[in-house]
Structure formats: C-alpha cells, structure tokens
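Participant: Quick one, structure for this:
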Amino acid sequence: MTTARTAPGGTWLITPPLDSRLEAALRAQPDVALLDLEDSVPPSGKDTARMTALAQLGAATVPTATVLGLRVNAPGTVHGLKDLVALADAGLRDTVVLVPKVESARELELVAQALKVTATGVRICALIETPRALLRLDNILASPVLGGVVFGAADYAAATGCRRTSNSLLWARSSIAAAAAACGIPSIDSPYFDLGSPQGLQCDAQEARDLGFTGKGAVHPDQLPIIRAAFRPTEEELAQAHAVVSAADRADGRLARAGGQMVGPPLVAAARAVLDRAGNSTDPHNRGGTQ
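Facilitator: Next comes the predicted model:
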C-alpha cells in the first residue's frame, strides 16, 4: 500500500489545452479532466501550451465531482523539465500529474521532489506504455509517491510491434490491473481512439472492467456515458450481490447458499465490492477509486 494520495478511478477525459476544450470537459463532469502537454502538442507549440494549460487549470471552476489533471512531458526531456518547473511555480492544489514513459520508481520520486514544496495535494500517476515498464512494474509500484497507474496502449503497441487488439494487449492490461490492485491504487485503462465506433468502445470498456481496471480514459466527452455504463454493475449483478450479502449476514460467519451456489468469504467480499462500485464509481457526481 502506498503512502501517496491516490487519484480517482472512473472516467479520465484527456484533452489538449486548446480553445475551450477544458470548459467542455468540465461540463461533462469526468472524474479527472486532464490537459495533455505531451502527445497532443507538437514540439514547436509546447512552451505556449504549457503556459495556456497552467493558466486554464488555475482559473477553472471545477465541479465537485471532478479533479483537474495535467499530463506533463517525460521528465528526462527538456520540455518535461520545463513542465515541472512551471508546475512547481504555479502552486496548483489537488491536481493529478500524469508522468509519461515511466520505467522506474526513481523517475516518480524526482517528480515528487520537484513539486513537494509548492504543489499541495498533487497526486502523481505513472503512465505505463513501454515493454520495459511492464517488466519493472514491481519497482514502479513500490514507489511511495505513486497515486495511480494508467495504461498507454498506443505507445505500448508501437514499441512492441503488436496490434492494438484485445488479444494482443491482454497480458499488458492484466498485468497492470493486477499489480495496481495488489498495491491498492487505481488503474486506468487506455482510451479507445475510434470515435466512430460506440460498440467498439462499449466492448473495450467492458473488457477493462472485467480485467479489474478501476477506470478508463476517454478522448471525447461523448465517450463518457458509455464508459460509465460499462463500469456500472448490471441489474443481475446487483441482485446477485444483494442475495450473497444477505445470505452471508443471515449465516453469521457460517457457509451459506445463495442462488444455488455456496457462499464463502471470497464471494462475499466480491459481492460487497459490486455494491460499493454501484454507489461510487458509476455516478458522475461521485469519484471512483480510492480517495
């Protein structure tokens, strides 16, 4: 278990710091509204984007259900270092800082060291998107400053040469979700990039939930309802969970039956998790994940 402040689970809406994108993102009330200084900004525009993003984050009127976030450039780059200096000077409060290309705990701790004096309540999250990072998950998640992990499917697929399909990404996604669960921190699945395929998004989000992710990224506000629905327990799951918990309560610690199955401690714990998820991570006005 880490000692850092954990980030929300649920929906993460990722957008470039352009025009009125942040305002539109906040109207959609994601759990995290995250401005991106890395992939969505060309090298020639990074200095301007940095100033724009920090100004927007500092001036934003934030709904109660939403936490602001910023994806900086990799700390080992010139623009990443500039991002950290500017972020420290801005003194933002209660902000998610997503660090890309993380391959060691040391990188996260350097970010925390740079921000610890002026950036109050920062929640540092690692973007896992390289094969080396997957092989070093134990080291990365051992960092006491880590507040969550996010899977970057596009960069991972490019680095490994695999296709961005359910089967080819299964090991990476399963590894990240399981490692995060073992450490008690949120795990956020990669966005689904095909905006013209709501059915594809629905399947991808359901797979993420089935693998144990606590949330999923989005690149457009229209994707949020589909992601929320995928992470929301079905009526059948809720009914079964209520039946299991009720049977366990009546049994008072002894084995019981519910719906034709034996009910032991693991099933009871899973049922309580379903009921808890129904009351937290699926409601846009409640923050998912561990707070």
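
Participant: I'd guess G121 is in a strand, am I close?
Facilitator: No - counting by DSSP: H, G, I helix; E, B strand; the rest coil, G121 is not found in a strand; it is coil.

Participant: Quick one: residues contacting the residue most central in space within the chain.
Facilitator: With distances taken as Cα atoms, centre = their mean, I188 lies nearest the centre of the chain, 3.0 Å away. Residues in contact with I188 (Cβ atoms under 8 Å, 6 or more residues apart in numbering) are G9, W12, C125, G148, V149, V150, F151, F213, T214, G215, K216, G217. C-betas here are computed from N, CA, C, even on glycine.

Participant: Can you redo those as TSV, where the extra columns are distance to L22, neighbour count and pLDDT?
Facilitator: Output for the contacts of I188, formatted as TSV (distance: Cβ to Cβ, whole Å; neighbours: other Cβ atoms under 10 Å; pLDDT from 0 to 100):
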residue	distance to L22	neighbour count	pLDDT
G9	21	27	90
W12	14	31	98
C125	19	28	97
G148	21	29	96
V149	24	27	98
V150	19	32	98
F151	23	27	98
F213	25	26	97
T214	24	28	95
G215	19	30	97
K216	20	31	98
G217	16	25	98
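
Participant: circling back to that earlier point, what strands flank the host helix or strand of the residue nearest to the centre of the chain, and is each parallel or antiparallel?
Facilitator: Secondary structure from DSSP states H and E places I188 in strand 187-189. When pairing is defined by DSSP bridges, strand 187-189 lines up against strand 146-151 (parallel), strand 215-218 (parallel).

Participant: And the next helix or strand past the last one?
Facilitator: Per DSSP H and E, the first helix or strand lying C-terminal to strand 215-218 is helix 224-231.

Participant: Strands along the stretch 1-150 of the chain, start to end?
Facilitator: 10-15, 32-36, 67-71, 95-99, 123-128, 146-151 (DSSP state E, counting those that start in this stretch).

Participant: pLDDT of the third one, averaged?
Facilitator: Confidence for strand 67-71, expressed as mean pLDDT, is 96.

Participant: who does it pair up with?
Facilitator: strand 32-36 (parallel), strand 95-99 (parallel).

Participant: Neighbours of Y156, how many?
Facilitator: 23 (other Cβ atoms under 10 Å).

Participant: Show the contacting residues for the nearest residue to E129 once chain neighbours are set aside.
Facilitator: Nearest residue to E129 in three dimensions, chain neighbours excluded: G152, at 2.9 Å (Cβ to Cβ, 6 or more residues apart in numbering). The contact partners of G152, taken as Cβ under 8 Å, 6+ apart, are P100, L127, I128, E129, S190.

Participant: Please tell me I have it right and C125 contacts V96.
Facilitator: Yes - if you go by Cβ atoms under 8 Å, C125 and V96 touch, sitting 6.0 Å apart.

Participant: Name the residues contacting each of the two.
Facilitator: The contact sets of C125 and V96 overlap at A7, G147, G148 (Cβ under 8 Å, 6+ apart).

Participant: Could you point out which of those is nearest to S168?
Facilitator: G148 (24.2 Å; Cβ to Cβ).

Participant: my guess is that closest one contacts G184, does it?
Facilitator: No - with contacts counted by Cβ under 8 Å, G148 stays clear of G184, the gap being 10.5 Å.

Participant: mind checking how far the closest residue to K82 other than its chain neighbours is from I124?
Facilitator: Excluding its sequence neighbours, the residue lying closest to K82 (Cβ to Cβ, 6+ apart) is R50, at 6.5 Å. Relative to I124, R50 is positioned 18 Å away (Cβ to Cβ, to the nearest Å).

Participant: Tell me the spacing between the residue lying closest to T15 once chain neighbours are set aside and A28.
Facilitator: Counting by Cβ to Cβ, 6+ apart, R21 is the residue found nearest to T15 once chain neighbours are left out, at 4.4 Å. As judged by Cβ to Cβ, R21 and A28 stand 11 Å apart.
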